[in-house]
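Visitor: below are the sequence and a predicted model; questions follow.
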Amino acid sequence: ETGVTQTPRHLVMGMTNKKSLKCEQHLGHNAMYWYKQSAKKPLELMFVYSLEERVENNSVPSRFSPECPNSSHLFLHLHTLQPEDSALYLCASSQGTGGNEKLFFGSGTQLSVL
Amino acid sequence: DQQVKQNSPSLSVQEGRISILNCDYTNSMFDYFLWYKKYPAEGPTFLISISSIKDKNEDGRFTVFLNKSAKHLSLHIVPSQPGDSAVYFCAASRITGTASKLTFGTGTRLQVTL
């Protein structure tokens, strides 16, 4: 148990659906992240929130929309996704955003877009 | 262009022997390095880190070696145990940078056999 909880664990959606991924951290951290892991590729950073403000948007298509209502919760809203968006989506948190911060990851949501 | 490379996708080691996982990087500005371990259906968990002012950091059975001139680091696990079977990710960043600039490798799958 890393203190970062993601739901759902698995999600299958059609290209016209709208769904949301949820992440909650119980560590009192100030920063939260969304990462994408595609097969045989490195983890790719998507978004970073620090103290509920988005501090980084890594050239992610607008069909992915993050929301951070407070420092413990992070959402990723999905709409009109493409099959190539099928991947493992990982949420992480850290105490701060310094370069030597250790990230604590959730178990991820395995997303399949049909 | 991948700045952090793990050229061995998989490694098999007998229980009790030493496991050596390798990682190369190209960006000479990186000065902080981390290893994460990932079990199936779980998110990556932090294992060990090293800053560029050191060439070795040890934590129990895990030791990370850094060779800055070769831009190479390695993770040694000794003795290897079946529970060490997982995917290991190398990651790099700049201490004076931000955690959002953490760059991951593609991972090496370690299988520890009986």
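Guide: It's in.
Visitor: count of neighbours near residue B:68?
Guide: 14 (other CB atoms under 10 Å in any protein chain shown). To be clear about C-beta, it is placed using only N, CA and C from the backbone, and glycine gets the same treatment.
Visitor: check contacts around residue A:67.
Guide: Applying CB atoms under 8 Å, 6 or more residues apart in numbering or on different chains, we find residue A:67 in contact with A:74, A:75, A:76, A:77.
Visitor: typed the wrong thing, it's residue B:41
Guide: So residue B:41 contacts A:9, A:107 (CB under 8 Å, 6+ apart).
Visitor: if we can go back for a sec, ranking the contacts of residue A:67 by neighbours, who comes first?
Guide: Ranking those using other CB under 10 Å puts residue A:74 first, with 27 neighbours.
Visitor: what about that residue, is that helix, strand or coil?
Guide: strand (DSSP: H, G, I helix; E, B strand; the rest coil).
Visitor: tell me the bridge partners for it.
Guide: residue A:23 (DSSP bridges).
Visitor: output the helix or strand encompassing residue B:13 as PDB - backbone C-alpha positions only.
Guide: If you go by DSSP states H and E, residue B:13 is part of strand B:10-14. What follows is strand B:10-14 as a C-alpha-only set of coordinates in PDB (Å, rounded to 0.1, in the frame of the first residue of the first chain):
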ATOM      1  CA  SER B  10      14.900  -8.900 -19.400                       C
ATOM      2  CA  LEU B  11      17.300 -10.700 -17.100                       C
ATOM      3  CA  SER B  12      17.100 -14.200 -15.500                       C
ATOM      4  CA  VAL B  13      19.200 -14.900 -12.400                       C
ATOM      5  CA  GLN B  14      19.300 -17.900 -10.000                       C
END
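Visitor: how many residues are close by residue 96?
Guide: In the absence of a named chain, this looks at chain A. Counted with other CB under 10 Å, the neighbours of residue A:96 add up to 14.
Visitor: not what I meant, chain B
Guide: 11.
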